[in-house]
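S.K.: Make a model of this:
(2 chains)
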There are 2 protein chains.
Amino acid sequence: MRQAGRSLPEYRRVRAGIGMLDACRRPDLVAEITLQPVRRYGVDAAILYSDIVVPLAAAGVDVDIVPGTGPVPAEPFRSRADLDRIPALDAGQVHFVTEAVRLLVAELGDVPLIGFAGAPFTLASYLVEGGPSRDLLRTKALMHGDPDLWRDLLARLAQISGEFLRAQVAAGARVVQLFDSWAGALSRADYVASVRPASARALAAVRELDPEVPRIHFGVGTGELLPAMAEAGAEVIGVDFRVSLRDAVARVPGRVVQGNLDPALLFAPWEVLSARVAAVLAEGAAAPAHVVNLGHGVPPAADPDVLARVVDLVHELPSPPPPPTS
Amino acid sequence: MRQAGRSLPEYRRVRAGIGMLDACRRPDLVAEITLQPVRRYGVDAAILYSDIVVPLAAAGVDVDIVPGTGPVPAEPFRSRADLDRIPALDAGQVHFVTEAVRLLVAELGDVPLIGFAGAPFTLASYLVEGGPSRDLLRTKALMHGDPDLWRDLLARLAQISGEFLRAQVAAGARVVQLFDSWAGALSRADYVASVRPASARALAAVRELDPEVPRIHFGVGTGELLPAMAEAGAEVIGVDFRVSLRDAVARVPGRVVQGNLDPALLFAPWEVLSARVAAVLAEGAAAPAHVVNLGHGVPPAADPDVLARVVDLVHELPSPPPPPTS
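M.R.: Take a look at the predicted model:
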């Protein structure tokens, strides 16, 4: 469960007075925060505590996380000259993350660690817009208006995302997740032509290092894009809560799926929530495998006891039978 | 084109110093602002200048539009007692809108006027959340946690939406649009069980008054919901820009479609934009009819000259042939 920490008192305790990027740069804190949900819930995997801008900042891009706003670059990306401010990432520059991964692997034992990076398009959107944006008008204007510069920008970001994931795998992460927060704002035509090649490159970088490491690819609001996203190469396709898991499975035949419980159900009565958990499990049984998860991050106001009950229920429910082949 | 006004200097001029709700209550201003895009672009229909909270406020709900934020109720909706603060709407309470419609019908001649109302779910979300919200957690919590109260709330809002549309039709609007801004945040199961019945009721209210008036039903990010939305009864299904119009047409067989050009393309070079306009027209040809439109509102920064060129192009392009039936 991504962002499981935000709702935990033990998370708020260790983060008190420490900025997000600073926390992501302290191996002891990264390890502690990554372990907290595993300890509390007994989930079957841990996901690295990090942020999509961590590798950007490590590579030397001047970007910060503004509380209440999000990632904000010192200067927005506007022209070819701005490419000079986006250097390639060298694995040594994220030593604090690889150190955290090593601490975690030692601590986690059989529980696998999932590495994490933002996808090139989402990284580009923050750089071009100068911060979070609802409609991504500047990003799309650059994509349509200067396709060569757009391609070069995304190639640099794909190198950074890919190298960041490789560093985590080299240190012991057994799965990786490429997270494309904003891909859902794109038409399929734009996604396929102008975004997917860079995501595919970042994912391929992991495969070149270790073809045994499963790669998860997730975006928000990407029901329409699922078949196109699957062609970027990941073994596991994340599914948000807006699309039924049954439809999603049909759109990415043969792929493992992850998701797709609506996080808002964590605030529903237990009989509603538990019925939906069972329904999601039943729908996921049509895929070769289903990584049970929320369809988006954990809301900060979520009750940890409810999350614990959901995890227990998933562990207790019998695996649903695969659907009949017709 | 919804919100076409926002990008027009003549709109900003007449709105200077006048609050949104105040502007919506002045028949002369409503008529003038509604006419501005028709005059400038020569579009084939006008859409009433209004806001989704206009009928709520007219019915006596204490709600305002806060600039830069959006609709904010004086008190959020929390319990059954709050139903008392949502009275039924009587057509006489929106006399300023019916007067504006009469002015417009006289002025527009052969150009039809499209009436406008927000859908019950979207209205409910503002009341329950106490303002705009990204994740609608409180709204969904009420929907799941107290389905009886939720149903009663939506029934009241359906009466208000339906009566507001009927008043516009009675005054001369020849088409209506029911706008569900936030439906895209719902899973299909929740939409069908807890939201669609109220939208269907608002749409049915128009049909009962005049079965000849076509009803448009639009939501943002509703690609997954299109078949379910079509069953709410509208003759025309709006399609945002995230789903391909080809897929959308296949999901609502036999329905007229509206949309779906990405508003961000207004900032693209003309050769990119014009090619997409032609592609959208070709995809729409598979439907019984296609109301060419953007897939969302006009961005405030859009260049009116570009919009004029798009309208001219749509008028100049030959109607694409319907696709071969196979």
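S.K.: Residue numbers of chain A in contact with chain B?
M.R.: By the criterion of Cβ under 8 Å from any Cβ of the partner chain, the positions of chain A lying close to chain B are A:135-138, A:140-141, A:144-145, A:184-190, A:221, A:223-224, A:241-244, A:247, A:262-265, A:267-269, A:272-273, A:279, A:296, A:299, A:301. The way it works is simple: take the backbone N, C-alpha and C, and place the C-beta from them, glycine included.
S.K.: Show the buried residues in these.
M.R.: Judged by neighbour count, with 16 or more other Cβ atoms under 10 Å in any protein chain shown as the criterion, the buried members of these are A:135-138, A:140-141, A:144, A:184-188, A:190, A:221, A:223-224, A:241-244, A:262-265, A:267-268, A:273, A:279, A:296, A:299.
S.K.: In helices only, show me the residues you listed.
M.R.: For these, the ones inside helices are A:137, A:138, A:140, A:141, A:144, A:188, A:190, A:273, A:279, with DSSP state H as the criterion.
S.K.: Nearest residue to the first one in space, please, no chain neighbours.
M.R.: Leaving aside its chain neighbours, residue A:137 sits nearest to residue B:264 (5.2 Å; criterion: Cβ to Cβ, 6 or more residues apart in numbering or on different chains).
S.K.: I'd like the distance between that neighbour and residue A:278.
M.R.: With distances defined as Cβ to Cβ, to the nearest Å, the gap from residue B:264 to residue A:278 amounts to 40 Å.
S.K.: just residue A:159 next, same as before
M.R.: As defined by Cβ to Cβ, residue A:159 lies at a distance of 43 Å from residue A:278.
S.K.: And the two? Which one has more around it.
M.R.: More neighbours sit around residue A:159 than around the other of residue A:159 and residue A:278, counting by other Cβ atoms under 10 Å in any protein chain shown; the figures are 21 against 14.
S.K.: quick one: secondary structure of that one?
M.R.: helix (DSSP: H, G, I helix; E, B strand; the rest coil).
S.K.: Name the nearest residue to it, ignoring sequence neighbours.
M.R.: Counting by Cβ to Cβ, 6+ apart, residue A:88 is the residue found nearest to residue A:159 once chain neighbours are left out, at 5.4 Å.
S.K.: Would you agree the residue nearest to residue A:137 is in contact with residue A:133?
M.R.: No: under the contact definition of Cβ atoms under 8 Å, residue B:264 does not touch residue A:133, with a separation of 10.6 Å.
S.K.: Next one: residue A:5, what pLDDT does it get?
M.R.: Residue A:5 carries a pLDDT value of 76.
S.K.: swap that for residue A:324, please
M.R.: The predicted local confidence for residue A:324 is 64.
S.K.: Where do the domain boundaries of chain A fall?
M.R.: Chain A breaks down into these structural domains: A:4-217, A:235-320 (assignment by automatic domain parsing).
S.K.: could you redo the ones you listed as JSON lines and give each row distance to residue B:180?
M.R.: Formatted as JSON lines, the entries for the domains of chain A read as follows, by distance: least, Cβ to Cβ, whole Å:
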{"stretch": "domain A:4-217", "distance to residue B:180": "18"}
{"stretch": "domain A:235-320", "distance to residue B:180": "14"}
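S.K.: Residue B:100 is nearest to which of those?
M.R.: Proximity to residue B:100 (Cβ to Cβ) singles out domain A:4-217 among these, at 29.2 Å.
S.K.: burial of residue A:91, as a residue count?
M.R.: For residue A:91, the neighbour count with other Cβ under 10 Å is 17.
S.K.: what about it, distance to residue A:205?
M.R.: Distance from residue A:91 to residue A:205, by Cβ to Cβ: 11 Å.
S.K.: got any residues that touch both of those two?
M.R.: Shared contacts of residue A:91 and residue A:205 (Cβ atoms under 8 Å, 6 or more residues apart in numbering or on different chains): A:163, A:166.
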